[in-house]
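1. dropping a prediction and its sequence here:
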Amino acid sequence: MLFTTLLLSLREIRRHILRSFLTTLGIIIGVAAVITMVTLGNGVSASVQASISSLGNNTLAVFPGGGRGRGGSTPPPSFENADILAIRQQVSGVRAVAPQASSSALAVRNAQNWTASVTGTTNDYFDAQKLEFAGGRRFTDAEQSAGKSVCVIGDTIRANLFADEDPVGERFRLGTVSCEVIGVLKKRDNAGFSDPNSTVLLPLKTVQRRFVGNQNVLAILVAVADGYEPSAVKQSLTGLLRERRHLSAGQPDNFDIFDTAEFAATVRNQTQQLTLFVAAIAAVSLLVGGIGIMNIMLVSVTERTREIGIRLAIGALGKEVLLQFLVEAVALSCLGGLVGVGLAFFASWGLAALAQLPFQFDLSINLVSFAISALIGIVFGFFPARRAAALNPIDALRHE
């Protein structure tokens with residue numbers, strides 16, 4: 001009986017194909033919007049997580065900030081080279097300490113050019129981020145102490161300036177500085193908002209002298225050794241920096257220390273909350289779609305009053321009439337849900353590619369959205385179906 005009722009419902013939907021499509025449009029848009037928003041939200045979350053993970057696991061990132069430099073007239077003091085040495089010697093559980101001085105410059109070789117991110121650092125940077133080399137070597141102690149114009153380049157720089165050539169031993173111009181390539185990094189996943197392969201690494205002193213014009217260290221990466229808790233290392237690091245920056249007990253920190261694991265968890269939670277909020281707004285169109293189904297089913301009951309009267313007169317039970325119209329409403333809603341799921345797949349895939357975000361297909365949200373569309377058909381189709389089942393056969397047969 002249920003199968004026969006389903007066939008009758010599909011036949012009725014096919015008879016009014018345009019009206020059925022317009023009826024399910026709200027469901028289609030609602031399901032597609034919810035799935036697309038959640039998928040893109042997952043992509044943004046994965047992208048941010050990848051950007052944070054590029055700093056390395058069990059890594060503390062230290063920046064000037066807080067205290068006097070936040071909202072005050074005096075900027076926070078930057079770090080000094082002596083701070084790096086003190087961290088290495090006085091903080092337990094540290095695997096690598098990598099100072100950074102950053103800038104940007106146009107990398108030029110022959111007729112090719114590329115805007116590169118310039119980072120001055122030490123060999124500890126490769127250890128802190130666990131970077132792998134595709135060719136070449138690290139800096140020597142002599143190159144670091146003398147501030148030589150030697151560099152390690154990312155894969156994007158290699159591809160745009162050297163194409164298929166081996167760049168090791170070759171030179172190119174970085175801003176106004178002629179730089180010799182001594183190493184090439186393996187390509188890293190470009191899942192973040194900035195390309196991690198579009199970077200040029202030079203000795204810290206080279207960038208300080210030739211690019212930024214001062215001895216400031218603008219960031220420090222502290223890699224925590226295996227077996228040590230990042231929170232304990234962070235506490236020791238905080239105490240040392242407060243002492244070196246001459247902060248009394250009542251003064252706030254004028255630096256910020258970010259635990260990448262804690263920061264990643266915080267960002268993930270906030271992104272998920274924002275995604276759910278946006279999805280909830282998009283789900284309002286599902287309610288609108290449900291009202292549309294109720295409206296068109298009431299119209300259908302009115303149009304088919306005489307048909308209902310004939311069915312009741314020849315022996316059909318009220319519950320059978322109710323089932324027929326309820327199945328028709330659920331079929332409409334489910335068809336809209338299926339179209340919405342398909343539309344969401346292509347929309348989220350295209351938007352993710354356009355925004356350069358990872359496409360995070362989530363089977364659960366697709367199944368839940370489809371189930372909700374079916375539930376909407378039941379909820380909003382029940383009243384018209386009950387109204388049809390409650391018709392008096394004699395009055396229904398008199399209906400013109």
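-> Cool, got the structure.

2. any idea how many residues pack against the nearest residue to residue 183 once chain neighbours are set aside?
-> Sequence neighbours aside, residue 136 is the residue nearest to residue 183 in space, at 3.1 Å (criterion: C-beta to C-beta, 6 or more residues apart in numbering). For the C-beta atoms, the positions are set from N, CA and C on the backbone; glycine is no exception. If you count neighbours by other C-beta atoms under 10 Å, residue 136 ends up with 18.

3. ditto for the one 4 residues further on
-> Residue 140 is flanked by 14 other residues according to other C-beta under 10 Å.

4. quick check: it vs residue 148, distance?
-> The span separating residue 140 from residue 148 equals 8 Å under the rule C-beta to C-beta, to the nearest Å.

5. that older thread, tell me the confidence at the residue nearest to residue 183?
-> The pLDDT attached to residue 136 in the predicted structure is 93.

6. which residues in the chain form helices?
-> Applying DSSP state H to the chain gives helices spanning 2-15, 17-53, 81-90, 124-129, 141-146, 155-162, 204-207, 230-244, 260-282, 284-303, 305-313, 318-354, 363-389, 393-398.

7. nearest to residue 250, out of the ones you listed?
-> Closest to residue 250 of the helices of the chain, according to C-beta to C-beta: helix 230-244, at 11.6 Å.

8. tell me what angle the closest one forms with helix 260-282.
-> Taking axes from the mean of the first three to the mean of the last three C-alpha atoms, to 10 degrees, one finds helix 230-244 and helix 260-282 inclined to each other by 110 degrees.

9. can you give the domain ranges for the protein?
-> By the record's domain assignment, the chain is partitioned as 2-50+269-398, 78-244 (automatic domain parsing).

10. and the end-to-end length of the shortest one?
-> Just to be clear, that refers to domain 78-244. With C-alpha to C-alpha, to the nearest Å as the measure, the first residue of domain 78-244 is 12 Å from its last.

11. return the distance of that domain from the chain's centre.
-> Here the centre of domain 78-244 is set off from its chain's centre by 26 Å, with C-alpha atoms, centre = their mean, to the nearest Å.

12. cool, stretch 15-25 as well?
-> A distance of 36 Å separates the C-alpha centroid of stretch 15-25 from that of its chain, computed with C-alpha atoms, centre = their mean.

13. cool, stretch 245-255 as well?
-> For stretch 245-255, the separation from the chain centroid amounts to 36 Å (computed by C-alpha atoms, centre = their mean).

14. how many other residues sit next to residue 212?
-> Residue 212 is flanked by 15 other residues according to other C-beta under 10 Å.

15. that one against residue 105, yeah?
-> No - at 10.9 Å, residue 212 does not count as touching residue 105 under the criterion of C-beta atoms under 8 Å.

16. quick check: closest non-adjacent residue to residue 133.
-> Of all residues not flanking residue 133 in the chain, residue 183 sits nearest, at 5.5 Å (C-beta to C-beta, 6+ apart).

17. for the one you found, give me its contacts.
-> By C-beta atoms under 8 Å, 6 or more residues apart in numbering, the contact list for residue 183 reads 133, 135-138, 151-153, 168.
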